[in-house]
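Colleague: 3D model of this:
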Amino acid sequence: MLSAGSDTLRCARSEPSGATRLSRRGFLGAAAAVGCTTVSPGQATAAAASPQSTVHGGGTGPTGISPFDALDARIQASMRAYAIPGAAVGVLWEGQEYVKGYGITNVDHPVPVDGDTVFRVGSTTKTFTGTTMMRLVERGDVDLDAPVRRYLTDFAVADPYASAQVTVRQLLNHSAGWLGDDYQDFGPGDDALARFVASMARLPQLTSPGEVFAYNNAALCVAGRIIEVVTGTTYEAAVRKLVIDPLGLDHSRFSSDEIVGFNVAASHDVVDGKAVLEPAFWPQPRSLAPTGGLVSSVRDQLSWARFHLGDGTAPDGRRLLSKQSLEQMRSKPGPGGTLVVELDGMGVTWMLRPTAQGARIVQHGGTWPGQISGFLMVPSRGFALTLLTNSQGGTRLRDELFTADWALKLFAGVTNLPATAMSLRGQELAPYEGPYIAQRINAKGDIEDTVIKLSKHNGRLRGTQTTQATPSEAEAASEEEDSSQVQTGEVGAAFYRTDFALDLDPDGQPVGTRTDFVRGPDGKVLWWRNHGRLHRHQTH
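Modeller: Residues are numbered from 1 along each chain as shown. Prediction:
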């Protein structure tokens, strides 16, 4: 057990450049923030444990209080409120590097969290996939604008045109166009990713390649498979060799077998306002490694930010990428839209987010059951922020720090594009009313349908959400699990400009995230893009 006084923070100069328990099926692929019940201070004593490794550097904010002090207070208050046992934060700001752990790794076996404690980082893994791909681009082994079939000759989804025409870049900027939420598990073998990509032949095409942004986990798995074929090794081995090891990220690994002896943040659900250990949340299919499989520490995540804000060299001076390639990753956005925040589009795996002041935010983050993370950079301000948490309640803290303006304004002097909720007339809301349907494929290969029915209410949209799985024949014959489990919830939207809306809670209050509606060639509302996923408007 680590002692409470373990020092895991350094301060160095640098040049800037769910409230209820759900089934495992219900969590797989979750991208929306999961609400949780506020807990009393007495219930959250463990979460409020003294932060580990405290040191402050740099200046103070406009009130004379160090921004790091303000950040500490915000994190500790939110940990108490949202039942988060443990968290770790890293900041690059005004030449200072700040790493800090809070609380404990496990409510049943408490060990202090520090800067080297490892968590699942979820979809921030995609940026490692993209960076590895850029190394192959610089070597001349991959062309971002070449069709996927140049590297995977048998690649296919349900649509023949998309199968033949989709490019590597479209995989990485989430404009491939097919159903993207495919979470099938093909076991722990080295062939897991190859089998996953082969299974994609049934995925329906929602939009033509390159035309519409829609978050696409399956596309990143295809990118990972290209990395395997081009390098002649497994995806994980290629990323280790080309990126992780050269950068000295000694607490970043893909397999649970590789983190034995590390201080590991266990996953927690939130039940009746309390954090509850949930070991079943931790495992992840190896077939999903390129889209969300990395385990990492906040210190390593901050080193990742430093690399991407730098000139492409590793700490030992070895050049991994040109500065131009790093800049290319966060420029030339594909189609725009919303993914919790407004996006100019995606670059090479980076969310490119506008601000009211003009500076661009480069962002990602991840959601896996009980492991919620955030990661953003403002390159023009030399600022980066990363957060790792070990509870479903982490979604609330992540939204406070990475979606809202508070941290961005405090450290980088930037804010979101302005958005004031409007009250619209009935005829203005009518084109948006009706049912919207989205699908995903769970770990067992079952198709899950999510139906959201929207109707006008007090100048805004209000609706109900229902999710139901269609089981495979084998599962339907089993008596061990109710495969037709239904989950329902309430949603709402308040428009702040044409086709763009603020998400509302069941009480009609903004929750801080944004969605938008996508029109078809005839000008009618065809999709609701909610948390980056396309829900088809059922108009007939």
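Colleague: so what's the nearest residue in space to Ala164 that is not next to it in sequence scoring on pLDDT?
Modeller: Nearest non-adjacent residue to Ala164, counting by C-beta to C-beta, 6 or more residues apart in numbering: Arg149, 6.2 Å away. C-beta coordinates here come from the backbone N, C-alpha and C atoms, glycine included. The predicted local distance difference test score for Arg149 is 98.
Colleague: and Arg149, how far from Ala198?
Modeller: 14 Å (C-beta to C-beta, to the nearest Å).
Colleague: same question for Phe254.
Modeller: Taking C-beta to C-beta, one finds Phe254 at 21 Å from Ala198.
Colleague: spit out the contact partners of Asn181.
Modeller: Quick fix: residue 181 is Asp, not Asn. For Asp181, the residues meeting the contact criterion (C-beta atoms under 8 Å, 6 or more residues apart in numbering) are Gly29, Asn217, Ala218, Gln439, Arg440, Ile441, Arg533.
Colleague: which residues does the last one bridge with?
Modeller: It refers to Arg533. Taking DSSP bridges as the rule, Arg533 bridges to Asn530.
Colleague: ranges for the strands of the stretch 51-200 of the chain?
Modeller: Counting by DSSP state E, counting those that start in this stretch, the segments of the stretch 51-200 of the chain that form strands are 86-93, 96-103, 118-120.
Colleague: now do the last one: distance to the chain's middle.
Modeller: Counting by C-alpha atoms, centre = their mean, to the nearest Å, strand 118-120 is centred 14 Å from the centre of its parent chain.
Colleague: packing partners for that strand?
Modeller: With contacts defined as 3 or more C-beta pairs under 8 Å, 6 or more residues apart in numbering; DSSP states H and E, strand 118-120 has these neighbours: strand 295-297, strand 371-378.
Colleague: so what touches it?
Modeller: Applying C-beta under 8 Å, 6+ apart, the set of residues contacting strand 118-120 is 88, 251, 253, 259, 262-265, 267, 282, 284, 292, 294-298, 366, 368, 371, 373, 388-390.
Colleague: now do 6 Å
Modeller: Applying C-beta atoms under 6 Å, 6 or more residues apart in numbering, the contact partners of strand 118-120 are His251, Ile259, Phe262, Val264, Ala265, Val295, Ser297, Trp368, Gln371, Leu388.
Colleague: could you export these as CSV, including neighbour count, pLDDT and distance to Ala164?
Modeller: Listed next are the contacts of strand 118-120 as CSV, based on neighbours: other C-beta atoms under 10 Å; pLDDT from 0 to 100; distance: C-beta to C-beta, whole Å:
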residue, neighbour count, pLDDT, distance to Ala164
His251, 21, 98, 41
Ile259, 16, 96, 41
Phe262, 16, 97, 44
Val264, 19, 98, 44
Ala265, 30, 98, 44
Val295, 24, 98, 36
Ser297, 30, 98, 42
Trp368, 24, 97, 33
Gln371, 26, 98, 37
Leu388, 31, 98, 40
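Colleague: show me where pLDDT drops low in the protein?
Modeller: Per-residue confidence for the chain (pLDDT under 70) gives these ranges: 1-64, 470-487, 540.
Colleague: how about the helices in the stretch 51-200 of the chain?
Modeller: According to DSSP state H, counting those that start in this stretch, the stretch 51-200 of the chain carries its helices in the segments 67-82, 125-138, 160-165, 168-172, 192-199.
Colleague: pick the most buried one from those helices.
Modeller: Using mean count of other C-beta atoms under 10 Å, the stretch among the helices of the stretch 51-200 of the chain with the largest mean neighbour count is helix 168-172, at a mean of 26.
Colleague: measure Gly187 to Asn106 for me?
Modeller: Here Gly187 is placed at a distance of 28 Å from Asn106 (C-beta to C-beta).
Colleague: centroid-nearest residue for the protein?
Modeller: What sits nearest the mean C-alpha location of the chain, by C-alpha atoms, centre = their mean, is Gly366, with 2.9 Å.
Colleague: you'd agree it is up against Thr124?
Modeller: Yes. Taking contacts as C-beta atoms under 6 Å, Gly366 lies within contact range of Thr124: 4.9 Å.
Colleague: end-to-end on stretch 399-412?
Modeller: The stretch stretch 399-412 measures 17 Å between its terminal residues, going by C-alpha to C-alpha, to the nearest Å.
Colleague: residue with max distance from the center of the protein?
Modeller: In terms of distance from the mean C-alpha position of the chain, Gln427 ranks first, at 36.0 Å (C-alpha atoms, centre = their mean).
Colleague: now that residue: which helix or strand?
Modeller: Secondary structure assigned from DSSP states H and E places Gln427 in helix 426-429.
Colleague: of all the helices and strands packed on strand 118-120, which lies closest to Thr349?
Modeller: The minimum distance between Thr349 and the helices and strands packed on strand 118-120 falls on strand 371-378, with 11.5 Å, by C-beta to C-beta.
Colleague: starting from that closest one, tell me which strands it pairs with and how they run.
Modeller: When pairs are called by DSSP bridges, strand 371-378 turns out to pair with strand 361-368 (antiparallel), strand 383-389 (antiparallel).
Colleague: how long is stretch 78-95 from one end to the other?
Modeller: 27 Å.
Colleague: no, scratch that, I was asking about stretch 243-250
Modeller: Stretch 243-250 end-to-end distance (C-alpha to C-alpha) = 11 Å.
Colleague: ok, and for stretch 441-456, which residues are buried?
Modeller: Of the residues in stretch 441-456, those scored as buried under the neighbour-count criterion (16 or more other C-beta atoms under 10 Å) are 441-448, 450-454, 456.
Colleague: and those, which of them are in strands?
Modeller: Taking DSSP state E, the ones among the buried residues of stretch 441-456 that sit in strands are Ile441, Ile447, Glu448, Thr450, Val451, Ile452, Lys453, Leu454, Lys456.
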